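A.B. asks: Model the structure of this input:
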Amino acid sequence: MTSDFESLKTLARDLCAARFADGGPHAFSVALEDGNAVEFFRVGGEPEGEVNVRTKVLDLDEVARPGDFAKSVLGGNFFWSGTRGGTLSVGVDGGLWLTERRAIDELSDAEGFGQCLDDFAETVLDWRERSALYA
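C.D. replies: Numbers count the residues shown, from 1 in each chain. Coordinates of the predicted model:
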């Protein structure tokens, strides 16, 4: 069972060797099938046993009606109804990002870690499809 970030990183490296990228002592990422990466990272001052997880959903300049799409995003964030527990936000790069804080214990084995990747992949696909409605 994984209980710390280094153990989680080792698990990810073992499970996803070909898609794993080490980001230093406090970060790593795993590429999804679409080429996007799910990033796992720790920021100082956070509770032990928790990790931030994020991935870029899309570039907002790809959305023709960004105001209408933004309303949809806000609705999806409401009680996390459209994000499977994550939060959609705009990054400094002008992209829409899905971010979530998870307990490392939830990701402590192959099943839990795989479910996290699946949740992110499904949510990204869902929001990419929704963005097409605003073209």
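A.B. asks: A strand includes Val51, no?
C.D. replies: Yes. Assessed with DSSP: H, G, I helix; E, B strand; the rest coil, Val51 lies in a strand.
A.B. asks: And for it, the neighbour number?
C.D. replies: 24 (other C-beta atoms under 10 Å). Any C-beta I mention is one placed from the backbone N, CA and C, and that applies to glycine too.
A.B. asks: can you pull the buried residues of stretch 39-55?
C.D. replies: Glu39, Phe40, Phe41, Arg42, Val51, Asn52, Val53, Arg54, Thr55 (16 or more other C-beta atoms under 10 Å).
A.B. asks: Just the helices from the protein, written as ranges.
C.D. replies: Applying DSSP state H to the chain gives helices spanning 5-15, 66-77, 110-132.
A.B. asks: Just list what the last one packs against, helices and strands only.
C.D. replies: Packed against helix 110-132 by the contact rule (3 or more C-beta pairs under 8 Å, 6 or more residues apart in numbering; DSSP states H and E) you find helix 5-15, strand 37-41, strand 50-59, helix 66-77, strand 95-103.
A.B. asks: quick one: contacts of it?
C.D. replies: 8, 11-12, 15, 30, 32-34, 36, 38, 53, 55, 57-58, 62-63, 69, 72-73, 76, 82-86, 88, 96, 98, 102, 106-107 (C-beta atoms under 8 Å, 6 or more residues apart in numbering).
A.B. asks: mind putting the buried residues of stretch 39-55 in JSON lines, distance to Glu111 included?
C.D. replies: Shown next, in JSON lines, are the buried residues of stretch 39-55 (distance: C-beta to C-beta, whole Å):
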{"residue": "Glu39", "distance to Glu111": "21"}
{"residue": "Phe40", "distance to Glu111": "17"}
{"residue": "Phe41", "distance to Glu111": "22"}
{"residue": "Arg42", "distance to Glu111": "22"}
{"residue": "Val51", "distance to Glu111": "17"}
{"residue": "Asn52", "distance to Glu111": "21"}
{"residue": "Val53", "distance to Glu111": "16"}
{"residue": "Arg54", "distance to Glu111": "21"}
{"residue": "Thr55", "distance to Glu111": "20"}
